[in-house]
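# turn this into a structure:
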Amino acid sequence: MDKAHDAVAATAGRLGRPSWKDPRLLLGILIVLASCVGVVALTSSLDRTTPMYSAKADISLGEEITAEKLNVVNVKLDALEERYVPADPSLLEGTRANSLVRAGQLLPRSSLGLDDGTNRRPVSIDLPDALPAAITSGARVDVWVSLKDRTANAYAPPTLLLPSAEVTGRTERATGFGGTAGTLVEILVVDSGLADLLEAMANDARITVVFNPGASAS
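Numbering: from 1, shown residues only. Alright, predicted model coming up:
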């Protein structure tokens, strides 16, 4: 009888309400707190956004960029954040657009040019052939040049003159029969490549514009 009573007492002791000093209860509380902290930290990291600039309306090439022409939007860009301009008015001082920025588009860092003459310059190239439909404003193209050898009445092998140049416009030259006689394409040229391009154009070099899909998508 005593053994049965002792067994019941032991079972009741195990099933009794644990005290605050019970290490199992403390361990359980610590596990719950750690889980809550982990969930809060994970949620905060997933929801982290950064205030960035976007254009209120189209900003054209050469136009002064000011905070009044921009909206501030909170976006989550992660690794792409460094490509765009954060909402900091000091970054806009003395800048003009050296590329077309469409309304609603985030302001790319590459579109900011200074007023000290270092901006890219628009140059129109008259091409005898039609261009692919993918070459539109904002697209990137590689410009190849074949210099004319007047002594041999031929052209030298083509060389890459302007890699990843940005297109700001194109105009098809129409014929009287409804077709096209060529294309006038406008691209942005940095100062270091401007003289070589103008020289090639002045000496009747053969200029070829090739769509660069990798640069256009970046």
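
# quick check: next helix or strand after the longest strand seen in the chain?
Criterion DSSP state E: the longest strand present in the chain is strand 159-174. Using DSSP states H and E, the helix or strand that directly follows strand 159-174 along the chain is strand 180-189.

# quick check: angle from the longest strand of the chain to strand 180-189?
130 degrees (axes from the mean of the first three to the mean of the last three CA atoms, to 10 degrees).

# chain center to strand 159-174, what's the gap?
20 Å (CA atoms, centre = their mean, to the nearest Å).

# same question for stretch 77-87.
8 Å.

# which stretches of this structure form strands?
Using DSSP E, the strands found in the chain span residues 50-55, 70-75, 95-97, 112-114, 121-127, 140-146, 148-149, 154-155, 159-174, 180-189, 206-211.

# distance from the last one to the middle of the chain?
Here strand 206-211 shows a centroid-to-chain-centroid distance of 25 Å under the convention CA atoms, centre = their mean.

# now the angle from it to strand 140-146?
Going by the same axes, to 10 degrees, strand 206-211 makes 160 degrees with strand 140-146.

# buried set for strand 206-211?
By 16 or more other CB atoms under 10 Å, the buried positions in strand 206-211 come out as 207-209, 211. (C-beta placed from N, C-alpha, C; glycine too.)

# how is this protein partitioned into domains?
Split into domains by automatic domain parsing, the chain comes to 50-114, 121-217.
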